[in-house]
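Student: here is a sequence together with a model predicted from it:
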Amino acid sequence: MRLQVRNALVFATLVLAGGAGAQVEQGDISDMADDLQRIQIRMAQGDKSAYAAQLKQLTAMGAAIASAKPETWKDRRKVDSLVIYVLSGGALRDVTPLLKDDAIPEPDRTLARGAFAYITSHEADALDLLSKIDLSALEARLAGQIAFARSVLETKRDPKAAASFLDWARLVAPGGLVEEAALRREIALIAEAGDATRVAMLTRQYATRFGASLYAADFFRELAGLIARFGLADDPANYQLLSAAAASLAPDARRDFLLTLAKAAIVNARFDAASAAAGEVLKSAPRESADEARARLYLDAGRLLSDGYDAARADLQAIAAAKLDRSDAGLLASVRAVAAQLRAAPSAGAVEAQGDRPTEGGKAGGPTETIGLAEAALKRTEHAANASQSGAQ
């Protein structure tokens, strides 16, 4: 989780193997940083070609930094551009020499060293150095990235301050990867705090502004897991809020979100949420499709402990495992086994072993115990599903 959080700010996500030795066209470092951020806006809008453009731009910036004259770093805007380069995933070998001497004057040296410490996971040093920086004194093009870094560093110590830094980042750097990453991170923080209403509000913003982002698909899968894990959709009213928040997504993307939520809800024993999400998918999934098969599986699993047991068990037998991937095929087998166990007569040994145990209403095997055993069995399917999924990768 910590690695994913840090990667949220390392917008390039690509480690440059080449750089200073490449034959690239030189340019003004400040202008190159502006161009880099325009490329990152394209990434936030879903332009797949922007990946290659960013790599090329970072390579060019690395070469320009390596060949820059010492007086270059007396210009604050160029130092800011150096920091943008570092926080965007640029190669550090051309930056390290500048930080080992007095090439960059104060207070810009503190800023550059703080960014370097952050990106190299020296969190105590990064927190000490970046806390000395007045965000309001920075240009907006850099302030958002520094605010994001401050948020990451403050999360454990002061979650409220971390959220405030993310709000700042979104305010001063709208439209690009800074806002996109800040929204993703803030939603995750608020989900852990259990605030379903605010999660829904920010998710709606993300879906509307960045639904086509190159990071959107992974984000919504992660969000579905958080919603299930923390029970944010247990209340039907909250489920409706969260479902509606994703309404502006493309139909396929929204179905993927709801299916992921339904599956995560099943393995976390959140059966009402699973049934709601799966039932919603069935309204729009093409007939005989893999999405329909998945939705039926999750809906049936969620109904096993209800009055719909008989219909759910019958439908489970009718689902074609061939339409499911390895993970869901394993889940189908596990849920079928659970369904059979729920109505199986206990063995004589089990009855005898239970005889002396206090039970609900003085009767052997009360409903609460039966439900508990079923939930535990369904929870174990998570391990089987994850193992199948790992094997497929």
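Tutor: On my side now, so go ahead.
Student: how close does Leu324 sit to Ala68?
Tutor: 56 Å (Cβ to Cβ, to the nearest Å). Heads up, the C-betas are built off the backbone N, CA and C, glycines and all.
Student: got the contact list for Ala52?
Tutor: Counting by Cβ atoms under 8 Å, 6 or more residues apart in numbering, Ala52 touches no other residue.
Student: could you list the buried residues of whichever strand or helix holds it?
Tutor: Counting by DSSP states H and E, the element that carries Ala52 is helix 50-66. Across helix 50-66, burial judged by 16 or more other Cβ atoms under 10 Å covers 50-51, 53-55, 57-66.
Student: out of those residues, which comes closest to Leu153?
Tutor: Leu153 lies nearest to Leu58 out of those, by Cβ to Cβ, at 23.7 Å.
Student: tally of neighbours for Tyr239?
Tutor: 24 (other Cβ atoms under 10 Å).
Student: contacting residues for it?
Tutor: 233, 273, 276-277.
Student: which of these are buried, as a PyMOL select command?
Tutor: Buried residues among these (16+ other Cβ under 10 Å), as a PyMOL selection:
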select buried, resi 233+273+276+277
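Student: now, the contacts of Tyr239 that are in helices?
Tutor: Under the assignment DSSP state H, the contacts of Tyr239 contribute 273, 276-277 to helices.
Student: dump those residues to a markdown table, plus pLDDT and distance to Ala163.
Tutor: Formatted as a markdown table, these follow (pLDDT from 0 to 100; distance: Cβ to Cβ, whole Å):
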| residue | pLDDT | distance to Ala163 |
| --- | --- | --- |
| Ala273 | 96 | 25 |
| Ala276 | 96 | 28 |
| Ala277 | 97 | 27 |
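Student: in TSV: these, plus distance to Ile29.
Tutor: Converted to TSV, the ones in helices among the contacts of Tyr239 look like this (distance: Cβ to Cβ, whole Å):
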residue	distance to Ile29
Ala273	50
Ala276	53
Ala277	49
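Student: what helix or strand does Ala244 sit in?
Tutor: Judged by DSSP H and E, Ala244 forms part of helix 236-245.
Student: what of Leu249?
Tutor: Applying DSSP H and E, one finds Leu249 in no helix or strand.
Student: isn't it up against Ala207?
Tutor: Yes. Using Cβ atoms under 8 Å, Leu249 is in contact with Ala207, at 5.3 Å.
Student: those two: which is more packed in?
Tutor: Taking other Cβ under 10 Å, Leu249 and Ala207 do not tie; Ala207 has more neighbours (24 against 21).
Student: and the pLDDT for the more buried one?
Tutor: Here, the pLDDT recorded for Ala207 equals 97.
Student: tell me the contacts of Ala339?
Tutor: 304, 309, 312-313, 316.
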